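# turn this into a structure:
(one chain, ligands or ions: 1)
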Amino acid sequence: MNKSIFSLAVLLLAFTGVARAQEPDSLSYFREMNEVNDDADTSMMLVRPIDTVATDDKYVKIILFNDHTWDYIELERPDIDTTGLFEDWDIESIHAFRDVKVADLPESVDLLLVDSSHQFVAPMIGRRSSTFKYRRGRPHNGVDLPLRIGDTIRSPFDGVVRYVGGGKATGGYGNLVVIRHPNGLETYYGHLSERLVVENDIVAAGEPIGLGGSTGRSTGPHLHFETRYMGKPFDPERVINFDNGTLRDTLLTLKRHYFNIGSHYGMSDKQSKNVTAAQYYTVKKGDTLGKIAQKHHTTVNALCKLNGISSKKVLRIGQRLRVR
Ligand SMILES: [Zn+2]
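Residues are numbered from 1 along each chain as shown. Have a look, this model is predicted:
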């Protein structure tokens, strides 16, 4: 609500500002307006906007004048090249390209992130409390950025909202927004307290898309931020330096080995290719080393070596064992 009042005020200010600053143009505009309305007093020159009304298209508003005339006003619309943007466009599922495997991705793909007409704005700035890695027995597919509930989260690039969800539908993500950018990159925003956009919304770089929160599987207010290409996550720090809120580079060369969960920004290609993610398992009631080994397609011997334990070790429920 505040946002719409604010944009209304900006719009009115901008409009009256234009009317004063560029009198000849605006006067002829007002004359045309009056001619459209048969009942209007055509001698009246000072037609003032008194209100605006939203339309289904957020970039088009209806502007009402004090002489009962109205007109459409078109706000500046981000110029988005949509070639390929809507490939596998799925607004029902959190992840797109679910049939595509990492092995199907190109060895390397260049994504242009910004150019003269497409800017970058940091979604938020802050230290990371967790990174792209295997964590507590499951992949943590993004970075965590602590915040205060209600902090504004912005779209880093122009794009179109592909998915918005919350509650049971998104599981651990809590309130989630997913934005597809024109180069095919997707950005994910989890644990939001508020979602400010809906599916198929066009968003400009810097536009607020949600408010920070702690919904879903979250131990405290933070933004869970992911970057994905063809549905596959990679380290967001390859794109954004969160310490100072800048882009690493205008061009992102995305290599297939970046999609290994242990591959992160700053690694050499050799290190990144060699990454085999450690995997952990939490011991449950009735588990034995034999059962756990079988479940994870490994041997008791390998488990003991990995964890530095003897095969006679008594397992504790809740204990974490490395299984890979
Ligand atoms: Zn997270």
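# and the stretch 51-200 of the chain, which residues reach the ion?
residue 144 (CB under 5 Å from the ion). Backbone N, C-alpha and C define where each C-beta goes, glycine included.
# for the ion, what's the nearest residue on the stretch 151-300 of the chain?
Proximity of the stretch 151-300 of the chain to the ion (CB to the ion) peaks at residue 224, 3.4 Å away.
# oh sorry, the question was meant for the stretch 1-150 of the chain
residue 144 (4.1 Å).
# wait, that residue touches residue 226, no?
No: taking contacts as CB atoms under 8 Å, residue 144 lies outside contact range of residue 226: 10.5 Å.
# against residue 312, how distant is the residue of the stretch 151-300 of the chain closest to the ion?
Distance of residue 224 to residue 312, given as CB to CB, to the nearest Å: 41 Å.
# tell me which of the two has more neighbours.
More crowded of residue 224 and residue 312, by other CB atoms under 10 Å: residue 224, with 23 against 7.
# wait, what's in contact with the more buried one?
142-144, 173, 188-191, 218 (CB atoms under 8 Å, 6 or more residues apart in numbering).
# for residue 158, same thing?
Taking CB under 8 Å, 6+ apart, we find residue 158 in contact with 78, 80, 118, 181-182, 202-205.
# how about 10 Å then?
Shown in contact with residue 158 (CB atoms under 10 Å, 6 or more residues apart in numbering): 78-81, 114, 117-120, 179, 181-182, 202-207.
# just residue 288 next, same as before
So residue 288 contacts 294, 300, 314-315 (CB under 10 Å, 6+ apart).
# quick revisit: identify the residue spatially nearest to the residue of the stretch 151-300 of the chain closest to the ion, adjacent ones excluded.
residue 190 (3.5 Å; CB to CB, 6 or more residues apart in numbering).
# for the residue nearest to residue 181 when sequence neighbours are not counted, give its distance to residue 183.
Closest residue to residue 181 apart from its sequence neighbours, by CB to CB, 6+ apart: residue 159 at 4.2 Å. Taking CB to CB as the measure, residue 159 falls 9 Å from residue 183.
# who has more neighbours out of these two?
Using other CB under 10 Å as the criterion, residue 159 and residue 183 rank with residue 159 on top: 27 against 20.
# so the more buried one sits right up against residue 189, yeah?
No: the criterion here is CB atoms under 10 Å, and residue 159 misses it with residue 189 at 11.8 Å.
# perfect, that will be all.
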